[in-house]
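Chemist: show me how the following folds:
(one chain, ligands or ions: 2)
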Amino acid sequence: MNLIPINKWHSQLSDIKQVIIAGPCSAETENQVLQTAKEISNIEQVKIFRAGIWKPRTRPNNFEGIGKEALKWLENVKTQTNLLTAVEVATPEHIEHCLLNPQSVDILWIGARTTANPFSVQEIAEALKGVDIPVFVKNPLNPDLSLWIGALERLYKVGIKKLGAIHRGFYPFEKIKFRNIPKWEIPIELKSLYPTLPIINDPSHIAGLTSYIEEIAQKALAINMDGLMIETHCNPKKALSDAEQQLTPNELDSLLKKLKFTDEVVDNSEIIIRLQQYREQIDSLDFQILELLAKRMDIVGDLGGFKKENNISAFQLARWKNILRSRKSFGLDLGLDEAFIKNLLQFIHKESILKQT
Ligand code: PEP
Ligand code: MN
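Modeler: Ligands and ions are numbered 1, 2, ... in the order given. Take a look at the predicted model:
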């Protein structure tokens with residue numbers, strides 16, 4: 001994918017290293033939106049204000065968002081602060097409302113439930129054909145990297161080049177400490193497949209509780225994620241959705257001051273992670289080599305008994321020459337060093353003779 005770097009999406013993003021997105025789970029009232037946005041806009045690192053105006057709720061009768069009326073509130077956020085705005089869209093109709101109000105919305109995101117449905121994503125993509133607007137795609141609820149990539153591809157195919165991903169964790173089938181399982185290997189794999197795709201971590205939806213947000217956010221920064229999306233509400237206790245995971249703007253400010261951003265992280269964790277992957281492969285191969293050697297020695301032991309019974313000497317020069325010749329040519333074809341092959345075989349053969357005698 002030939003993507004436009006996030007720094008080129010908007011002038012406000014031009015010299016940031018990590019993008020910080022903050023704002024309430026849902027836009028509830030004009031006051032709540034404006035008060036939260038104003039307090040957030042005093043935090044230097046935050047450049048994008050998020051607010052859900054159409055809310056995908058698990059069961060009906062929960063607060064399902066204000067709908068298009070809230071677009072006006074977001075317009076006020078934009079005129080009264082320096083923040084860019086982002087909203088979740090799930091249907092072509094949502095997109096139409098956003099595109100008709102470019103003074104309200106700068107960035108769109110696709111939620112986890114929508115990403116899981118290729119039909120919905122395709123409809124969204126069609127509605128965005130020929131439109132130049134940045135879109136973030138949250139990971140699907142289920143830990144299926146292809147489905148996540150598929151959603152990104154559908155958008156890319158209709159011409160969306162300002163694309164990003166949001167890692168919000170995966171639905172846990174068993175109760176765990178967090179609301180959602182991070183499965184860090186999935187965003188890491190996505191990053192290694194698409195190095196230019198910005199991946200933002202959403203510690204709020206992984207955590208489910210404010211007390212876990214810091215550890216998750218720090219981990220995300222340590223593995224070089226490109227930013228954070230953190231739910232922030234002027235009065236979280238009164239929030240109509242996700243009350244337990246939203247920070248106040250003050251709490252967000254202290255959190256951002258506490259977190260170590262990539263530049264400050266002494267060890268580059270991407271290197272550590274790569275190193276770990278290499279070492280795991282090597283460990284696994286070493287154990288396989290030892291298992292094979294043990295198997296070889298077992299057979300050698302049986303052969304020793306067989307030779308003794310049949311009065312055959314343990315060492316047979318012709319056989320040894322044959323072993324050397326055939327293994328050497330096999331190993332050379334594999335790119336191994338000649339002296340190394342010879343030394344290794346001598347070592348193994350010596351042990352084999354010992355075993356037989
Ligand atoms: C949200 O961002 O408030 C939201 C609904 O998130 P998700 O799609 O990750 O569940
Ligand atoms: Mn939420």
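
Chemist: where do the helices of the chain begin and end?
Modeler: Using DSSP state H, the helices of the chain run over 30-41, 70-80, 92-100, 112-115, 118-127, 145-157, 185-193, 203-207, 213-222, 249-258, 269-309, 317-333, 338-356.

Chemist: least reliable of these going by mean pLDDT?
Modeler: Here those differ in mean pLDDT, and the lowest is helix 269-309 at a mean of 79.

Chemist: distance from it to the middle of the chain?
Modeler: On the basis of C-alpha atoms, centre = their mean, to the nearest Å, helix 269-309 sits 33 Å off its chain's mean C-alpha point.

Chemist: stretch 11-24 too?
Modeler: Remark: stretch 11-24 is offset 18 Å from the chain centroid, using C-alpha atoms, centre = their mean.

Chemist: distance between the ends of that stretch?
Modeler: 24 Å (C-alpha to C-alpha, to the nearest Å).

Chemist: just confirm residue 21 contacts residue 228, I think it does.
Modeler: Yes: using C-beta atoms under 8 Å, residue 21 makes contact with residue 228 at a distance of 7.1 Å. (C-beta placed from N, C-alpha, C; glycine too.)

Chemist: so what sits against both of the two?
Modeler: Counting by C-beta atoms under 8 Å, 6 or more residues apart in numbering, the contacts common to residue 21 and residue 228 are residue 200.

Chemist: distance to residue 176 and mean neighbour count added to the helices of the chain, as JSON lines?
Modeler: Output for the helices of the chain, formatted as JSON lines (distance: least, C-beta to C-beta, whole Å; neighbours: other C-beta atoms under 10 Å):
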{"stretch": "helix 30-41", "distance to residue 176": "30", "mean neighbour count": "20"}
{"stretch": "helix 70-80", "distance to residue 176": "33", "mean neighbour count": "18"}
{"stretch": "helix 92-100", "distance to residue 176": "32", "mean neighbour count": "17"}
{"stretch": "helix 112-115", "distance to residue 176": "17", "mean neighbour count": "23"}
{"stretch": "helix 118-127", "distance to residue 176": "27", "mean neighbour count": "18"}
{"stretch": "helix 145-157", "distance to residue 176": "20", "mean neighbour count": "19"}
{"stretch": "helix 185-193", "distance to residue 176": "16", "mean neighbour count": "17"}
{"stretch": "helix 203-207", "distance to residue 176": "10", "mean neighbour count": "26"}
{"stretch": "helix 213-222", "distance to residue 176": "13", "mean neighbour count": "20"}
{"stretch": "helix 249-258", "distance to residue 176": "22", "mean neighbour count": "17"}
{"stretch": "helix 269-309", "distance to residue 176": "22", "mean neighbour count": "12"}
{"stretch": "helix 317-333", "distance to residue 176": "47", "mean neighbour count": "12"}
{"stretch": "helix 338-356", "distance to residue 176": "46", "mean neighbour count": "14"}
